[in-house]
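Novice: generate coordinates for the sequence data below:
(one chain, ligands or ions: 1)
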Amino acid sequence: MTDIAPLRDFIRAMTRLADEGASETRWLTEGAALLRRLIANDAWLPEDCAQAGPRYRQYLLHCDPLERFCVVSFVWGPGQKTPVHNHTVWGLVGMLRGEEISTAMHPGAPMTMGEVDRLRPGEVVAVSPNLQDIHVVENAIPDAASISIHVYGGNIGAIARSVFDPATGAQKRFVSGYDNAVVPNLWDRSQEVRAA
Ligand SMILES: [Fe+2]
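Specialist: This is a model prediction of the structure:
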């Protein structure tokens, strides 16, 4: 059984930031530092939330009860890629396993490519409407799954956002949802209590 304690500790720390009414700047600095610590260890992610599928998967790990932030495991199988999309809220992406390539896209007809970032395990990058909010993400590893842990400033799967046609720049309404119906149990602390 995986020890989920690092994820529980991360969620507690992020909840404290939310309770303090953290500004986006604090989320993207202090939140990023917390995420970096979480992904330094690769043993806590439940197997159920690490499975690739016929298209890229988005497993909700936790949503704040007040929808101030959420934590999602993204799993890309070989060759898998997102559509060009935006987020509308701040987001943090931390690479856990494998590698992914994020390509910034600028509005236009056709849209033009911006910065290309290759993320390696342990690295964290940010997205935000105040920075660069439109991109396309793909698995950079041709023969294995890649997994990144994302945090967003809202319940991302239930936020109305957009996908874009890169040839025309046309924008279409997009609500991503999640691929799992149940979230991991963070709260079975019985072993540590019994051992105390
Ligand atoms: Fe994204």
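Novice: by mean pLDDT, flag the weakest helix or strand of the protein.
Specialist: helix 190-195 (a mean of 92; mean pLDDT, DSSP states H and E).
Novice: quick one: buried residues of that one?
Specialist: Buried residues in helix 190-195, defined by neighbour count with 16 or more other C-beta atoms under 10 Å: none. Quick note: C-beta positions are derived from backbone N, CA and C, even for glycine.
Novice: off-centre distance for that helix?
Specialist: Helix 190-195 sits 31 Å away from the centroid of its parent chain (C-alpha atoms, centre = their mean, to the nearest Å).
Novice: give me the helices and strands touching the longest helix anywhere in the chain, please.
Specialist: Longest helix in the chain by number of residues (criterion: DSSP state H): helix 5-19. Applying 3 or more C-beta pairs under 8 Å, 6 or more residues apart in numbering; DSSP states H and E, one finds that helix 5-19 makes contact with helix 32-39, strand 57-63, strand 70-76.
Novice: which other helices and strands does whichever helix or strand comes after it contact?
Specialist: Later in the chain than helix 5-19, the nearest helix or strand by DSSP states H and E is helix 24-26. On a contact count with 3+ C-beta pairs under 8 Å, 6+ apart, helix 24-26 meets no helix or strand.
Novice: buried residues, helix 24-26. List them.
Specialist: Under 16+ other C-beta under 10 Å, the buried positions of helix 24-26 are residue 24.
Novice: tell me the buried residues in the longest helix of the chain?
Specialist: Under the neighbour-count rule (16+ other C-beta under 10 Å), helix 5-19 has 6, 7, 8, 10, 11, 13, 14, 15, 17, 18 buried.
Novice: hang on, residue 140 packs against residue 99?
Specialist: Yes - shown here, residue 140 and residue 99 form a contact pair, counting by C-beta atoms under 8 Å, at 4.1 Å.
Novice: list residues touching both of these two?
Specialist: 118, 119, 146 (C-beta atoms under 8 Å, 6 or more residues apart in numbering).
Novice: next one, pLDDT for the closest residue in space to the second one that isn't next to it in sequence please.
Specialist: Looking back up the chat, that one is residue 119. In this structure, residue 119 finds its nearest non-sequential neighbour in residue 95, 4.2 Å apart by C-beta to C-beta, 6 or more residues apart in numbering. Note for residue 95: predicted pLDDT of 98.
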